[in-house]
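[1] Let's see this in three dimensions:
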Amino acid sequence: MIFCLCAGVTDEAIEAAIESGARTVAQVSRMTGAARHCGPCREALAEVVRRRIRPEPAESPVTEP
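    A predicted model of the protein is given here:
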């Protein structure tokens, strides 16, 4: 799926950049070209980076006493 229309960057390319060591929006942008032109995808890219670098903690199972 196309993530950044302006640069034609796919979500797979975004994931590959993160897997290759990109840890910030700027790093992913440099590696892929996403969010470098008009920027509407910048917030979505920031959310993807945030989720992949600092995932939400898994919920602990609730145990009853």
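[2] which helices and strands sit right next to the longest helix along the chain?
    Counting residues, the longest helix in the chain under DSSP state H turns out to be helix 42-53. Applying 3 or more CB pairs under 8 Å, 6 or more residues apart in numbering; DSSP states H and E, one finds that helix 42-53 contacts strand 2-4, helix 11-19, helix 25-32. Bear in mind the C-beta positions are built from the backbone N, C-alpha and C, glycine included.
[3] Tell me the helices and strands packed up against the shortest one.
    When you say that, I think you mean strand 2-4. strand 9-10, helix 11-19, helix 42-53.
[4] And for the longest one?
    With contacts defined as 3+ CB pairs under 8 Å, 6+ apart, the secondary structure elements packing on helix 11-19 are strand 2-4, helix 25-32, helix 42-53.
[5] among these, which is nearest residue 15?
    Taking CB to CB as the criterion, residue 15 comes closest to helix 42-53 out of those, the separation being 7.6 Å.
[6] quick revisit: deepest-packed of the helices and strands packed on strand 2-4, please.
    Highest mean neighbour count of those: strand 9-10, a mean of 19 (counted as mean count of other CB atoms under 10 Å).
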